[in-house]
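**Student:** How does the following fold in three dimensions:
(one chain, ligands or ions: 1)
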Amino acid sequence: MAASVGANTAVVERAGVSGATAVLPRVSRLDPPPRNLIEFSRRFASEKACEEYLFIVRYPTGFICPKCGNERGWLLQGKRLIECPNGHKISLTSGTVMHRTKQELVTWFHAAYLMTTLTPGFSALQFQRQMGLSRYETAFNMLHKFRAALVVPGREPLHGEVEIDEAYVGGVEEGRPGRGGETKALVVCAVELVRWTDKKSRRERVRTGRVRLRLVPDASAASLVPFITESVKGGAIVHTDGWPSYGTLRAKGYDHRAVVQGTGKDAQYMPHVHKIFANVKRWLLGTHHGRVTAQHLQAYLNEYTFRFNRRFWRGPAFHRALGLIVQTEGHPTPSAP
Ligand SMILES: [Zn+2]
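**Tutor:** Residues are numbered from 1 along each chain as shown. The predicted model follows:
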C-alpha cells in the first residue's frame, strides 16, 4: 500500500534508512480528541502513533533542531528520537515522566486516557491487570508519576465566591477507631460556587465550579492562609467556619464571611465543600480501598482535582493531561513537608 500523505500528519516512509522512519510535518495540529475508548484504541494502537502525537504536542509550531537550528527532521520509530539532517538525535521524551522508562508509550497513553476520562479513576492493581504489566510496582509508579504532573502551571485562581474548609482524609487505617490518627492527613479544600437562575422556577441555584485541594501539616494560619492566597483571587467572597486561623483573611483583601458552627443550621452549612470531601473520601476508599498513605495523598488529590475541574470536558482533558505530562517533569507539586 502506498504511504498516505494527509494534510495534517504527512507521514512518509523513508526507504533505505536504517529503522523505520517518518518525515515530520512542518506545522502540526492536534486532531480532535478521541470521543471514546474505541476511537482512542484505534488511534493509539502503535508506538509510532504515540510518537507522532508526542511530536505534535512538543513541537506545535514545527520542529527546530536545538543543536543546529535545522527545521527538518524525522522520527526514528520505536526509539522515541527525532533525527535532523545533520545527524543530531533529539529525544521525544526527555524531561518528561516517560523518559528512560521501559514501558511502551501505548501503555503510558492508556494511563493518561483512563485517568482523565473514567469518572472514578482506577487503581494501580486494575491498571496492572488491564495492561498486562508483570509488576504491581510498575503500574503504581507510572500512575503516580502521572498524578504528580497533573498540576497546571500558572492556573487561574478561583474567584467570585468560594467555600473553604479542612478535614482529615485518607490513611490506611481509615475506619479503624483509635488507630487512625497517625495515618490520616489534614487536607484543606477550596471550592468555587457558581450561582445561576433557573429559568422555569426563577429560583437561584448554586453549583460547584472548580476545586483546589492541598495536604497541609496542620490547621494553623501559617498552613492554611498561603493555600488560600495562592488558590483564591483577592476580593473573592470566602466562606469559612469560625476557626481562628482564618481570622486574617479580611486583612488579606478577601470578603471573608465566617459562620460560627454549633447552630441548628449546621447541616446546610457550606454544603459544597463538604460534598467534595465526602466524594474524595469515597473515591479513596472505593477505587483505592483506603490504601493511600499520607506520603502519596497530594498526588491523588492532584488527580481528583484535575478530573473534577474538567468533568464537562473529558476529551480535551486527555490532550491537556498529555501536554502536562510532556512538559512538566519536576513541576513543584504542593505537598506537606
Ligand atoms: Zn541538528
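**Student:** Count the neighbours of the residue of the stretch 151-300 of the chain found nearest the ion for me.
**Tutor:** Shortest the stretch 151-300 of the chain-to-the ion distance, computed as C-beta to the ion: residue-wise this is Pro153, at 28.4 Å. C-betas here are computed from N, CA, C, even on glycine. Number of residues near Pro153 (other C-beta atoms under 10 Å) recorded here: 9.
**Student:** One more: Leu133?
**Tutor:** Leu133 has 17 neighbours, counted by other C-beta under 10 Å.
**Student:** who's in contact with it?
**Tutor:** Going by C-beta atoms under 8 Å, 6 or more residues apart in numbering, Leu133 touches 103, 107, 127, 139.
**Student:** can you tell me how far it sits from Asn141?
**Tutor:** The span separating Leu133 from Asn141 equals 10 Å under the rule C-beta to C-beta, to the nearest Å.
**Student:** helix/strand/coil for the nearest residue to Arg195 once chain neighbours are set aside?
**Tutor:** Setting aside the residues directly before and after it, Arg195 is nearest to Val206 in space (C-beta to C-beta, 6 or more residues apart in numbering), at 5.4 Å. Secondary structure assignment for Val206 (DSSP: H, G, I helix; E, B strand; the rest coil): strand.
**Student:** Please tell me I have it right and Val206 contacts Val191.
**Tutor:** No - using C-beta atoms under 8 Å, Val206 is not in contact with Val191; the gap is 10.7 Å.
**Student:** intersection of neighbour lists for these two?
**Tutor:** Shared contacts of Val206 and Val191, defined by C-beta under 8 Å, 6+ apart, are found at His272.
**Student:** Just want to know which of the two has more residues nearby.
**Tutor:** Neighbour totals were compared for Val206 and Val191, and Val191 leads with 25 against 13 (other C-beta under 10 Å).
**Student:** Surely that one is in a strand?
**Tutor:** Yes - with three-state DSSP as the criterion, Val191 is part of a strand.
**Student:** Surely it touches Val211?
**Tutor:** Yes - applying C-beta under 8 Å, one finds Val191 in contact with Val211, separated by 4.8 Å.
**Student:** Which neighbours do those two have in common?
**Tutor:** With contacts defined as C-beta under 8 Å, 6+ apart, the residues shared by Val191 and Val211 are Ile276.
**Student:** got any ranges where the chain has weak pLDDT?
**Tutor:** Within the chain, the segments meeting pLDDT under 70 span 1-30, 171-183, 261-268, 325-337.
**Student:** Around the ion, pick out the residues from it.
**Tutor:** Listed as neighbours of the ion in the chain under the rule C-beta under 5 Å from the ion: 65, 67-68, 70, 84, 86, 88.
**Student:** which one of the residues you listed sits closest to His274?
**Tutor:** Cys65 (53.6 Å; C-beta to C-beta).
**Student:** Now do the closest one: how many residues are near it, please.
**Tutor:** Counted by other C-beta under 10 Å, the residues lying close to Cys65 total 19.
**Student:** Find the nearest non-adjacent residue to it, please.
**Tutor:** Sequence neighbours aside, Cys84 is the residue nearest to Cys65 in space, at 3.9 Å (criterion: C-beta to C-beta, 6+ apart).
**Student:** CA atoms of stretch 289-307 as PDB?
**Tutor:** Only the C-alpha atoms of stretch 289-307 are listed here, as PDB (Å, rounded to 0.1, in the frame of the first residue of the first chain):
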ATOM      1  CA  HIS A 289      -9.500   0.700  49.000                       C
ATOM      2  CA  GLY A 290      -8.300   3.200  51.500                       C
ATOM      3  CA  ARG A 291      -4.700   2.200  50.900                       C
ATOM      4  CA  VAL A 292      -3.500   5.700  50.100                       C
ATOM      5  CA  THR A 293      -0.900   6.900  52.600                       C
ATOM      6  CA  ALA A 294      -0.300  10.500  53.600                       C
ATOM      7  CA  GLN A 295       3.000  10.400  51.800                       C
ATOM      8  CA  HIS A 296       1.300   9.900  48.400                       C
ATOM      9  CA  LEU A 297      -2.000  11.700  49.200                       C
ATOM     10  CA  GLN A 298      -1.200  15.000  47.400                       C
ATOM     11  CA  ALA A 299      -0.700  13.200  44.100                       C
ATOM     12  CA  TYR A 300      -4.100  11.600  44.400                       C
ATOM     13  CA  LEU A 301      -5.600  15.000  45.300                       C
ATOM     14  CA  ASN A 302      -4.000  16.300  42.100                       C
ATOM     15  CA  GLU A 303      -5.700  13.500  40.100                       C
ATOM     16  CA  TYR A 304      -9.000  14.200  41.700                       C
ATOM     17  CA  THR A 305      -8.700  17.900  41.100                       C
ATOM     18  CA  PHE A 306      -7.700  17.500  37.500                       C
ATOM     19  CA  ARG A 307     -10.600  15.300  36.700                       C
END
